Structures are given as C-alpha cells and as structure tokens.
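Enquirer: sequence unknown, structure follows:
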C-alpha cells in the first residue's frame, strides 16, 4: 500500500472471546488517516507482530496491562516507516518500532517510538523478533532470572518459538546442556538440527514424563516456562534443588475459561518449591527490564552478526489475515516468529 493512501484499514475488537478467539471477535474497518500534533509521528505499518499476549488483552480479566476496549484497535507492536514527523528526532522515511496496533497507519507520540539501527536496518522485520521483544524476553528471562551456569541442564518449552528458540541458543552459548520441548516431530528435529539443541522432545507423543526424565539424567537446573499445563507437570518432579524457573508465559492456558477439572495440584507445587528451594519468578519484559534494552540490543546484534544465533520467521502477507493467524498461533500452528506483512518496505 502506498504511503499516500487516504484510507486507514484497521481491525478493532468487536466482542470478547469466550474460550478460543473466533473471527467474529474482530471487525475490519476503514477510517480516515489520523492527523498528528506536535511531538507526534504518522507511521505507515510495514510489519505487524502477532504474539500470544494478545489473547490476554482481548479479555477484561484483571492483568498487568489494560484490556483492549470494545471497538478499539487491536494492540500490537509494528515496524513502520515515518510518513510525517512533528518530532525533532525523526524524519520522513525513518524506520521505527512502535505499538501501532492492527492498522495501516498510526499516530504515535515520538517518545514511544524507537528508531531502527544497525543490523535491524538490513532486516527490519527482525526488530519484532530476535532483535526485538521476543529476543529481549529470552535474553533477560534466561540470564537474569535463570542464571545458567556451564554444565547445567536447561529445559525450554515451546522450543522452536521466537522466545524458546533463542533461550536454547543463548543457553548453549553459556555452556549448558539444552533440552527443548515442542509440538510435533518436525519442530523437534528443527530444534536440534538448526538451533543446536542437544535434544528435543515432542509433547504430543506418548510418555512425555519418561522421555524427559531420560533426557535429563542429572535433573533440571533451569526451566524456561512458556506453556504451562502438562509440560510443567512433567518438568516439576525433575527440578533440582535451587532450580530457577523464569515464568514467561502459559500459552496452553490462555483460552481457558475455568480452572481444569481434576485433583488440586497446588499443595504439590508449594511443597516442591519449599523442599527444593525453587525460584519461580514471573516477569513482564519492558516493565521489569526496559532500562536494560541497550545492553541486550548490543549483545544480540553481535551474536546474530557472528552467526552464533539463528532465527526463523513465519511471514504472512496481508493485514486481512491477522485474525485467522492469531487464532492459529494460540493453537501452535505457526512455525517461527509470526509476522504480518502489512505494507511495502519502500518509502
């Protein structure tokens, strides 16, 4: 789409999902281009990031961030070109990352935009992945909370996802044994052959607990949690004394309306935390670590440029495909960092 279009396509939240989101929860609208005030930028979305946290923002249950309001534009980070600037630090044509939402154009306060630099300028979509929020999440969660030491065993769930794949590779750089858990033989093979994991276990196959135990004969020192559910159930008994569990996400539970039926496992969890002196710590990446972004950006750019880190993207053309792709993401249908290509890279 040319930057001179006079129409802004945007997806708004039409209704709140009950359980898994459906297409009817979203509505595609057309509106006039937003106008900007002093200090603002008019941005044209080129790449839109789709991420699991979006399911939580569609709900009005209490959380760490305000929900998207009904009839409000769906939230989402994006890489954009500046169309018009009324902020001294930006000019037309600049590449930036900001929270545009699911739309062609957005008016953003310049203070909330970050200019792309270095490696990201060569591959702008990577600013939504390895050089952006998922990479930052993997880096800080593993290194600050997980504190992996050479020779330790690190297990990571959602091992081929944009966060999990990077957690595993950073842990290898730090000298750890790395076991991944992923859904399906193809993803597991990819984790070993392309991302360099020592082993990867398919959680869809039988005997998950037994296979994980065989893969971790010395137990688990760091478990990077992305999914929750039966994967965490298999991990819990294998955690070593003083194991660390960075709690990044629980994607298997995002569509749940109620607690699962069956026995209450809370007593088992709290007893294990006490007896093994576990550290389980949740974190919200920019709230907790925003001030350390430059440190991450420099280190990850170095590793990526030196080919020590591999990254896989799943790019889908067309804003109109965003709802279907988010629905699939929550079911594990994508393979790699899911990005919607909304517009042309050219100015």
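Expert: Looks like it arrived, so ask away. These numbers were taken from a predicted model, which means no experiment stands behind them.

Enquirer: Residue 70: what secondary structure?
Expert: Secondary structure assignment for residue 70 (DSSP: H, G, I helix; E, B strand; the rest coil): coil.

Enquirer: Could you tell me which residues make contact with the closest residue to it other than its chain neighbours?
Expert: Closest residue to residue 70 apart from its sequence neighbours, by C-beta to C-beta, 6 or more residues apart in numbering: residue 13 at 5.8 Å. For glycine as for every other residue, the C-beta is placed from the backbone atoms N, C-alpha and C. The neighbourhood of residue 13, defined by C-beta atoms under 8 Å, 6 or more residues apart in numbering, consists of 25-27, 58, 68-72, 74.

Enquirer: any idea which of those residues is closest to residue 287?
Expert: Within the contacts of residue 13, the smallest distance to residue 287 is 18.0 Å, found for residue 68 (C-beta to C-beta).

Enquirer: What about that closest one? Give its phi and psi, please.
Expert: phi -70, psi 130 (degrees, to the nearest 10).

Enquirer: shouldn't it be in contact with residue 58?
Expert: Yes - the criterion here is C-beta atoms under 8 Å, and residue 68 meets it with residue 58 at 6.2 Å.

Enquirer: if we can go back for a sec, quick one: which of the contacts of residue 13 is nearest residue 9?
Expert: residue 27 (11.3 Å).

Enquirer: Ignoring the adjacent residues along the chain, who's closest to the closest one?
Expert: residue 14 (4.0 Å).

Enquirer: List the contacts of that neighbour.
Expert: 24-27, 70-71.

Enquirer: Same check on residue 335?
Expert: Contacts of residue 335 by C-beta under 8 Å, 6+ apart are 160, 186-187, 190, 312, 314.

Enquirer: what about the residue lying closest to residue 279 once chain neighbours are set aside, distance to residue 41?
Expert: Excluding the flanking residues, the one nearest residue 279 by C-beta to C-beta, 6+ apart is residue 244, at 4.8 Å. Using C-beta to C-beta, to the nearest Å, one gets 40 Å for the distance from residue 244 to residue 41.

Enquirer: And the contacts of stretch 192-207?
Expert: By C-beta under 8 Å, 6+ apart, stretch 192-207 touches 159-160, 165, 168-169, 172, 177-185, 187-189, 191, 208, 211-212, 215, 230-231, 234, 310, 312.

Enquirer: hang on, isn't residue 77 packed against residue 133?
Expert: Yes - Residue 77 lies in contact with residue 133 (C-beta under 8 Å); the separation is 6.2 Å.

Enquirer: Can you work out which residues contact both of those two?
Expert: 49, 51.

Enquirer: returning to what we had before: tell me which residues of the helix or strand the residue nearest to residue 279 falls within are tucked away?
Expert: For residue 244, the host element (DSSP states H and E) is strand 239-247. Under the neighbour-count criterion of 16 or more other C-beta atoms under 10 Å, strand 239-247 has 239-240, 243-247 buried.
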